[in-house]
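S.K.: Sequence plus predicted model, see below.
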Amino acid sequence: MNAVDAAGLGIGDDYPTRIMGVLNVSRESPYDPSVFDDSGEAAAYVDEELIGEGADIVDVGLESANKRFDVLSAEQELDRLDTAVEAVESVSGDAVFSIETRYAEVAEAAIDRGFDMVNDICGFADPEMPDVCREYDVAVAKMASPPNLERPGAVEETPWPERRSQAWADEADYVDQVYAALEQNGLTDKTIVDPAFGGWSEAKTLEDDRETFRRLSAFRELGQPMLVSINRKNFLRDLAGRTTEEALPVSLAATSMAIDRGAHVVRTHDVAETVDAARVGDAFASNRS
């Protein structure tokens, strides 16, 4: 397993699970507690609710990835970058700051202005993204996605007969597709793989996510650290019949299980509680050597 250095933060088997908190400067984002368009208020939230509660990484989103909204262009994301940069510059606490973007142009601009790593939810669909991350020697989370900048996470929409073969496409199940999506377009030495939990397409089912979770340890074969974003996700809520507001307990149970299956970074809106669940997971994890 290749360990990743993210601006001095070690990520991998020999390190404790890292907690990624979330800050959104996107007006469309559905989770109101993490959404800000004022840089001062955003910085206070990061200091008090994220870093103050134990987040190692702060992931800053410029737009909502919800498929109900139109995808912003790189230029539109860059228009929002000022607010994100001002917020990061106003934070007094210490953390690794990640920019969530699908565009190499935006990633480069964010790194030039102080960001430490990249979270690419389109899985290097922008062919220049891995080159930018290598050039700046930054860690990058790569989410399983088709080679399409407008369809993050919709791995089943990949033209698999063209990308692999018709025989492979006929035999592959959903988890096979996720694994192949993470392989396509390559990996940098500092890539952190993300199996793309959540409702990224209409074709994806709750059972698809559950089977991905059951087989999570298989992604260790890629040789890179793994990030999971499972906080309050439908595939967990549905098991217990809970609303989003009621779903924290199932998220925490799944967090410890994900760590046992090999996760190294957990992305969450509930930092303090997830820190505790990660400590339990770290103490009893059996899939790290």
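M.R.: Perfect, thanks for sending it.

S.K.: Look at the closest residue to residue 114 other than its chain neighbours and report its pLDDT.
M.R.: Spatial nearest neighbour of residue 114, chain neighbours left out: residue 88 (5.8 Å); criterion: Cβ to Cβ, 6 or more residues apart in numbering. All C-beta spots, glycine's among them, are computed from the backbone N, C-alpha and C. Note on residue 88: pLDDT of 92.

S.K.: helix, strand or coil for residue 88?
M.R.: State at residue 88, reduced to three classes by DSSP: H, G, I helix; E, B strand; the rest coil: helix.

S.K.: Surely it touches residue 97?
M.R.: Yes - in this structure, residue 88 is within contact of residue 97 by Cβ atoms under 8 Å, at 5.2 Å.

S.K.: hey, what's in contact with both of those two?
M.R.: Common contacts of residue 88 and residue 97 (Cβ atoms under 8 Å, 6 or more residues apart in numbering): 58, 60, 114, 115.

S.K.: Could you dump the residues you listed into CSV with neighbour count, distance to residue 104 and secondary structure added?
M.R.: CSV is the format used below for the shared contacts of residue 88 and residue 97 (neighbours: other Cβ atoms under 10 Å; distance: Cβ to Cβ, whole Å; DSSP: H, G, I helix; E, B strand; the rest coil):
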residue, neighbour count, distance to residue 104, secondary structure
58, 25, 21, strand
60, 27, 17, strand
114, 12, 18, coil
115, 26, 13, coil
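
S.K.: Tell me the one of those residues nearest residue 283?
M.R.: Nearest to residue 283, judged by Cβ to Cβ, of the shared contacts of residue 88 and residue 97 is residue 58 at 25.1 Å.

S.K.: those strands in this protein, which residues are they?
M.R.: 4-6, 9-11, 18-24, 57-61, 96-100, 117-120, 139-143, 191-194, 227-228, 265-267 (DSSP state E).

S.K.: Return the helix or strand in this structure with minimum mean pLDDT.
M.R.: Lowest on mean pLDDT, DSSP states H and E among the helices and strands of the chain sits helix 39-45, with a mean of 88.

S.K.: And it, what's buried?
M.R.: Of the residues in helix 39-45, 39, 42, 43, 44, 45 count as buried by neighbour count, 16 or more other Cβ atoms under 10 Å.

S.K.: Then stretch 102-116?
M.R.: Residues of stretch 102-116 classed as buried: 102, 103, 104, 105, 106, 107, 108, 109, 110, 111, 115, 116 (neighbour count, 16+ other Cβ under 10 Å).

S.K.: Could you do stretch 6-25 as well?
M.R.: Neighbour counts over stretch 6-25 (16+ other Cβ under 10 Å) mark 6, 9, 11-12, 15-25 as buried.

S.K.: And stretch 48-55, by the same measure?
M.R.: For stretch 48-55, burial by neighbour count (16+ other Cβ under 10 Å) applies to 49, 50, 51, 52, 54, 55.
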